[in-house]
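>>> curious how this folds, go ahead:
(one chain, ligands or ions: 1)
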Amino acid sequence: MTQGQVRPYLRTTALACGRGGMPLVVGLDLTVGSGRCLVLRGPNGAGKSTLLLTLAGLVAPLAGTVEIEAEDGVHLLSHRNAVKPRLTVRENLDFWAGVNGPTGIESSAALERVGLGAITHLDAGYLSAGQTRRLALARLLVTRRPVWLLDEPTAALDAEGHALVAALIGEHLAGGGLAVAATHDPLALDPATVDHLTIEPAR
Ligand SMILES: Nc1ncnc2c1ncn2[C@@H]1O[C@H](COP(=O)(O)OP(=O)(O)OP(=O)(O)O)[C@@H](O)[C@H]1O
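Residues are numbered from 1 along each chain as shown. Below is the predicted model:
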């Protein structure tokens, strides 16, 4: 974080969220501060993605509030990778830098970082599942955002990709950011920076 920047935080108060009017998570009081990662766990269908979408403001809460203090907004990495198959890998990233603002590292550096440096010219439609996920991760790097909401960030990634995700989150936290990550995989983060929340399935 640069001097003078507001330290980000995310807070929910008596939050209830769900889909189709059906509550999945109720009475949630959370605070996630700068330098912290909240790891969400729970079985398929418990409501982790729904909670992340609610935190992102894309699904309205059934009750309670979500408060996010962050000067530059939020990144949501969802199941959908938001990759345009007819654009090259590089064009995809430049598109997102244009939409979100090129406030992070250069597209070429971001693509090197996620292991796609040799195929920046390739149409994104030709990427493998793991390569597509890596391209989505590069989007987090080309625009600096203090709050990362990550839904299954390691989905489709190999062992080296899992380590990459842990390293990227670790650097984000060390830079003063915060993250909420839903995952079924182990995330090799510094335990001192991590809090855990298990979402139990609604009865
Ligand atoms: N638009 C919708 N309308 C009604 N129900 C929905 C809608 N979208 C999702 N659901 C339901 O909401 C529940 C929670 O789904 P959600 O994707 O949040 O679970 P999750 O914990 O992220 O699961 P997973 O671990 O499989 O990713 C599921 O039962 C799902 O079928």
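>>> state the mean pLDDT of the lengthiest helix in the chain.
Assignment by DSSP state H gives helix 159-174 as the longest helix of the chain. Averaged across helix 159-174, pLDDT comes to 98.
>>> show me the contact partners of it.
Residues from elsewhere that reach helix 159-174 (C-beta atoms under 8 Å, 6 or more residues apart in numbering): 35-37, 113-115, 130, 133-134, 137, 140-141, 148, 150, 153-154, 157, 179, 181, 185-190, 193. In short, each C-beta sits where N, CA and C put it, glycine included.
>>> quick one: residues contacting the nearest residue to L62 once chain neighbours are set aside.
Among residues not flanking L62 along the chain, A16 sits closest, at 4.2 Å (C-beta to C-beta, 6 or more residues apart in numbering). Taking C-beta under 8 Å, 6+ apart, we find A16 in contact with P23, V25, V26, G27, L28, P61, L62, A63, G64.
>>> select only the buried ones of these in PyMOL?
Buried residues within these, by 16 or more other C-beta atoms under 10 Å, are selected in PyMOL with:
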select buried, resi 25+28+61+62+64
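>>> next one: phi and psi at D151?
phi -100, psi 110 (degrees, to the nearest 10).
>>> renumber starting at 492 from here on
Fine by me, first position is 492 from now on; the one you just mentioned is D642.
>>> just list whatever residues bridge to it.
Note on D642: beta-bridge partners by DSSP bridges are A673.
>>> before we move on, back to that, tell me which of the contacts of A507 is nearest to the ligand?
Nearest to the ligand among the contacts of A507 is V516, at 8.9 Å by C-beta to the nearest ligand atom.
>>> show the subsequent helix or strand relative to the strand or helix carrying the closest one.
Using DSSP states H and E, V516 maps to strand 513-524. Using DSSP H and E, the helix or strand that follows strand 513-524 in sequence is strand 528-532.
>>> that following strand - contacts with which helices or strands?
helix 539-546, strand 669-673, strand 685-689 (3 or more C-beta pairs under 8 Å, 6 or more residues apart in numbering; DSSP states H and E).
>>> picking that back up, what helix or strand does the residue nearest to L553 sit in?
strand 500-510.
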